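Asker: Provided below are the primary sequence and the corresponding predicted coordinates.
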Amino acid sequence: MNVYRSAALGTACILAGASGAAADGLFSNGQFTLGLGAFASSNLYKGENTDAGALPFLSYDSDRLHLGWGGAAYHFVNNEDLQVSVRVAAGDKPDFPENKPLFAGLKRSTPIEAGFDITYRFDGFYVAGSAMMDVSSEHKGYHAEAKFGTEFALGQLGIDIGAGARMRDGKLNNFLYGVSASEANAQRVAYDVGSTTEPFVDMTVVYPISDKVSVLGVLDYQLIDKKVHNSPLTNNKDRYSVGLGLVYSF
């Protein structure tokens, strides 16, 4: 699973189907959102170029609860200005190319992560942050994100544009892009990535067809830290993900 494709579609579906309600209760003002998107994204690993395909989406959202393929979250605070949540989700797992000698013998399992998200909105802008840590002992690392953005309408279009930075510690980076001493061989040298911070920009555009159906587009572009680019497993200096989808909320 590519975390950028799934996260982008999940965020866009929530934006397209959000009720904006602020009543109390675990299931107050709940609604389901179904989506199907077509995505293309770059792949950092050597021997791979662009991934493309279709990605379905299903979620349930209420004033206090989010359930979806991106995980489960409980909102301690959820109003027009501030949302504070705790979240449990599957973490990113490397999509190592198959049948290529460079990646032979590299084994990774999907981690389970727990952490928090916070978003504060003011005057058409917002600041957001999140932090997630592996609780399954797959890599015992963590990652965090900080973002500043704006939301506005342009005719019928709802637009969200943001920029920020994504940080990963060395344990997570080695899980994704590193080579341990025991994994080194004639095809790949041992490599310790270390911690990284990578800037990004993203945009989500939502066009409502009706009260229940919306078309959405998503874009995410990120510069890759030199320490990741220098890994014997990778070869790109940037990463992108684009997508177009249709969502139905009820």
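Answerer: Great, that's in hand.
Asker: isn't Ile209 right next to Val247, touching?
Answerer: No - counting by CB atoms under 8 Å, Ile209 sits too far from Val247 to count as a contact (9.9 Å). (Glycine included, C-beta is placed from N, CA and C.)
Asker: Between those two, which is the more surrounded one?
Answerer: Taking neighbours as other CB atoms under 10 Å, Ile209 and Val247 compare with Val247 leading, 25 against 12.
Asker: Quick check: nearest residue in space to that one, chain neighbours excluded?
Answerer: Sequence neighbours aside, Gly35 is the residue nearest to Val247 in space, at 4.0 Å (criterion: CB to CB, 6 or more residues apart in numbering).
Asker: show me what contacts Val118?
Answerer: One correction, residue 118 is Ile, not Val. Going by CB atoms under 8 Å, 6 or more residues apart in numbering, Ile118 touches Leu82, Gln83, Val84, Ser85, Ala128, Gly129, Ser130.
Asker: Quick one: buried ones out of those?
Answerer: Gln83, Ser85, Ala128, Ser130 (16 or more other CB atoms under 10 Å).
Asker: distance of the last one from Ala114?
Answerer: So that's Ser130. Look at Ser130 and Ala114: by CB to CB, to the nearest Å, they are 12 Å apart.
Asker: between those two, what contacts are shared?
Answerer: Common contacts of Ser130 and Ala114, defined by CB under 8 Å, 6+ apart, comprise Arg87.
Asker: what distance separates the strand or helix carrying Ile159 from the centre of its chain?
Answerer: Counting by DSSP states H and E, the element that carries Ile159 is strand 157-168. What separates the centre of strand 157-168 from the centre of its chain is 11 Å, taken as CA atoms, centre = their mean, to the nearest Å.
Asker: By mean pLDDT, which helix or strand of the protein comes out lowest?
Answerer: When each helix and strand of the chain is scored by mean pLDDT, DSSP states H and E, helix 3-17 comes last, with a mean of 48.
Asker: got any ranges where the protein has weak pLDDT?
Answerer: By pLDDT under 70, the low-scoring segments of the chain are 1-28.
Asker: All the helices of the protein, in order from the start?
Answerer: Per DSSP state H, the chain carries helices over the ranges 3-17, 170-177, 226-229.
Asker: if I look at the residue lying farthest from the centre of the chain, how far off is Gly105?
Answerer: What lies farthest from the middle of the chain is Ala186; by CA atoms, centre = their mean that is 34.2 Å. Per CB to CB, Ala186 is found 12 Å from Gly105.
Asker: what's the answer for Leu246, then?
Answerer: Computed with CB to CB, the distance linking Leu246 and Gly105 is 41 Å.
Asker: now do Ser241
Answerer: From Ser241 to Gly105 the distance is 28 Å (CB to CB).
Asker: more crowded one of these two?
Answerer: Taking other CB under 10 Å, Ser241 and Gly105 do not tie; Ser241 has more neighbours (23 against 10).
Asker: Counting neighbours, what do you get for the closest residue to the more buried one other than its chain neighbours?
Answerer: Excluding the flanking residues, the one nearest Ser241 by CB to CB, 6+ apart is Ser41, at 3.9 Å. Neighbourhood size, Ser41 [other CB under 10 Å]: 18.
Asker: next one: Leu223
Answerer: 14.
Asker: so what's it up against?
Answerer: Leu223 sits next to Glu198, Pro199, Phe200, Lys237, Asp238 when contact means CB under 8 Å, 6+ apart.
Asker: Return the members of those residues classed as buried.
Answerer: By 16+ other CB under 10 Å, the contacts of Leu223 give Glu198, Phe200 as buried.
Asker: Of the contacts of Leu223, just say which sits nearest to Gly158.
Answerer: The closest of the contacts of Leu223 to Gly158 turns out to be Phe200 (CB to CB; 20.7 Å).
Asker: ok, and the closest non-adjacent residue to the closest one?
Answerer: Nearest non-adjacent residue to Phe200, counting by CB to CB, 6+ apart: Gln222, 4.0 Å away.
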